[in-house]
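# I need the structure of the sequence given here:
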Amino acid sequence: MKGALVTNRGRLLPSDALSCFFFFTAAGGYYSLLTSRMPAIKAGAGIGDAEVGLALLCLGAASVTGLLFCGRLIRRYTSARLLRVSSAALFLLLPLAGLAPGKFSLFAVFAGLGLAVAIFDVCMNTQAILLEAHSRSRLMGRMQAGYSLGCILGAALGAAFAWAGAGAFANFLFFSLVCLACRAPAGRHLQEDIPRRDAARRPRLPLFVYFCGFMEICAFSSEGVVGDWGSIFLHSVKGAPESTAALSFGAAAAAMALVRLFTDHLRERLGDATLLAAGGLLVAAGFVVAIAADSPAVCLAGFFLAGAGVAPAVPIVMSRAGSCPGVDPGAACSAVSTIGYGTLLFLPPLLGSVSDSIGMEKAFLIPIAFALLLAAGSLAFRK
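Next up is the predicted model:
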């Protein structure tokens with residue numbers, strides 16, 4: 001098999017693992033870099049908060065559109081080929097976000113980024129599942145750790161360029177050039193998709209795959225709340241200065257990166273069900289600590305616990321959905337991602353509306369409820 005991962009003994013080749021790890025890291029770097037330079041993008045385009053919201057809506061809507069069709073595209077063109085194309089498109093489009101002179105051009109660029117990153121995301125997860133299938137070992141946790149590491153590196157890169165007074169275009173161009181230089185060698189070690197002879201006899205995905213999508217909703221709700229509202233919660237409710245409040249998602253991302261490095265080993269030792277249940281309870285405990293804390297430092301510790309608890313969920317869910325017997329990994333990843341990411345379009349506005357009505361501390365009970373559902377849903381992941 002061209003680009004195969006393993007020898008006849010099923011041994012993992014470092015070059016193939018590093019190739020997949022690079023794409024996960026680049027995806028995390030893109031996300032955190034784009035969000036960290038939103039003030040510069042806003043100033044460069046000369047727009048207000050409402051237009052920024054519309055730009056993000058264009059990005060989200062295009063992402064969901066890409067997710068809906070990605071499974072079919074993978075069956076026709078393979079995940080390896082689509083990952084090469086979508087990654088090139090993403091890295092070429094990103095600098096344009098720093099050059100957009102007005103709202104309509106920014107809307108167009110964000111729509112293109114949303115479409116590219118949706119295909120990118122599904123294909124990189126499909127590649128990780130293929131790595132696991134070929135090597136007969138658990139690798140998704142380490143790959144997802146690459147995503148968390150990319151988030152940390154992207155945020156640091158954005159902060160460094162902002163501190164130096166560099167604009168968003170220079171920041172994005174530097175990131176894209178580095179990624180494009182690494183993309184060419186990494187793209188040569190991607191895996192060919194596994195033929196599924198029984199796919200024609202089983203066009204519908206099993207219910208378990210859709211349940212994995214629901215579990216991803218439970219996981220993303222906690223991660224999304226810290227990312228979208230953590231800094232506001234720290235600053236407005238706990239009275240932390242903006243410099244401290246900006247560390248909210250960083251604390252969660254650092255915990256996620258650390259725990260995901262050991263997730264594959266923990267899955268072998270504890271099993272998926274136990275790890276999901278413990279993670280869900282840890283997420284709930286983290287948010288309880290954040291709500292009850294009087295000190296911003298203790299609140300940050302709560303976000304760190306929440307990040308540690310949610311870390312194993314996505315690797316487990318993606319791995320189990322894509323490895324269902326008779327299921328095409330690309331179709332499974334596309335379905336799970338569509339359900340999970342699609343929900344993120346509605347969660348931030350929902351939490352904002354609830355916060356306006358009953359206060360942000362009570363609104364933070366929503367991610368606690370999802371965390372408990374994550375723990376309860378772990379029963380479906382027993383072998």
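# C-alpha only now, for contacts and for neighbours.
OK.
# The helix or strand containing L90 - contacts with which helices or strands?
Following DSSP states H and E, one finds L90 within helix 79-97. Applying 3 or more C-alpha pairs under 8 Å, 6 or more residues apart in numbering; DSSP states H and E, we find helix 79-97 packed against helix 103-135, helix 168-187.
# Pull out the buried positions in the first one.
Think helix 103-135. 103, 105-135 (16 or more other C-alpha atoms under 10 Å).
# One more: stretch 221-234?
Buried, per 16+ other C-alpha under 10 Å, within stretch 221-234: 221-227, 229-234.
# Export those as TSV, with columns for secondary structure, distance to T244 and pLDDT.
As requested, the buried residues of stretch 221-234 are exported to TSV (DSSP: H, G, I helix; E, B strand; the rest coil; distance: C-alpha to C-alpha, whole Å; pLDDT from 0 to 100):
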residue	secondary structure	distance to T244	pLDDT
S221	helix	23	85
S222	helix	20	84
E223	helix	19	82
G224	helix	19	79
V225	helix	17	83
V226	helix	14	83
G227	helix	14	75
W229	helix	14	78
G230	helix	11	81
S231	helix	8	77
I232	helix	11	76
F233	helix	11	83
L234	helix	8	84
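# out of the residues you listed, who's nearest M360?
Nearest to M360 among these, counting by C-alpha to C-alpha, is F233 at 7.1 Å.
# Tell me which of the helices and strands packed on helix 79-97 lies nearest to S15.
Nearest to S15, of all these, is helix 168-187, at 8.1 Å by C-alpha to C-alpha.
# got a list of contacts for the closest one?
Residues from elsewhere that reach helix 168-187 (C-alpha atoms under 8 Å, 6 or more residues apart in numbering): 16, 18-20, 22-23, 26, 33, 37, 40-41, 80, 84, 87-88, 91-92, 94-99, 157-158, 161.
# Likewise for stretch 225-241?
Outside stretch 225-241, the residues that reach it (C-alpha under 8 Å, 6+ apart) are 242, 244-249, 252, 294-296, 299, 303, 348, 360-361, 367.
# can you tell me the average pLDDT over stretch 357-374?
Averaged across stretch 357-374, the pLDDT comes to 90.
# Please point out which parts of that stretch sit buried.
For stretch 357-374, the neighbour count (16+ other C-alpha under 10 Å) marks 360-361, 363-368, 370-374 as buried.
# Tell me the buried residues within the contacts of stretch 225-241.
245-249, 252, 296, 299, 303, 348, 360-361, 367.
# List the ones among these that fall in strands.
Applying DSSP state E to those, no entry is found in strands.
# right, and the pair among these with maximum separation?
Farthest pair in the buried ones among the contacts of stretch 225-241 (C-alpha to C-alpha) is P296 and P348. Separation: 22.1 Å.
# quick one, domains of the protein?
13-194, 203-383 (automatic domain parsing).
# hmm, back to that, which among the helices and strands packed on helix 79-97 is found nearest to V289?
helix 103-135 (32.2 Å).
# Which elements pack onto that closest one?
Packed against helix 103-135 by the contact rule (3+ C-alpha pairs under 8 Å, 6+ apart) you find helix 14-36, helix 49-77, helix 79-97, helix 140-163, helix 313-322, helix 329-344.
# For the buried residues of stretch 357-374, please prepare CSV with the additional fields distance to C333.
Output for the buried residues of stretch 357-374, formatted as CSV (distance: C-alpha to C-alpha, whole Å):
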residue, distance to C333
M360, 33
E361, 34
A363, 30
F364, 29
L365, 29
I366, 26
P367, 24
I368, 26
F370, 21
A371, 22
L372, 24
L373, 21
L374, 19
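# out of the residues you listed, which one sits closest to R188?
L374 (37.4 Å).
# What angle do helix 313-322 and the particular helix or strand that has that closest one in it make with each other?
L374 is part of helix 365-377 when elements are defined by DSSP H and E. In terms of direction (axes from the mean of the first three to the mean of the last three C-alpha atoms, to 10 degrees), helix 365-377 departs from helix 313-322 by 40 degrees.
# which residues are in contact with helix 365-377?
Counting by C-alpha under 8 Å, 6+ apart, 215, 218-219, 221-222, 225, 276-281, 283-284, 287-288, 351 sit against helix 365-377.
# So which of those are in strands?
Using DSSP E, none of the contacts of helix 365-377 sit in strands.
# Many thanks, we can stop here.
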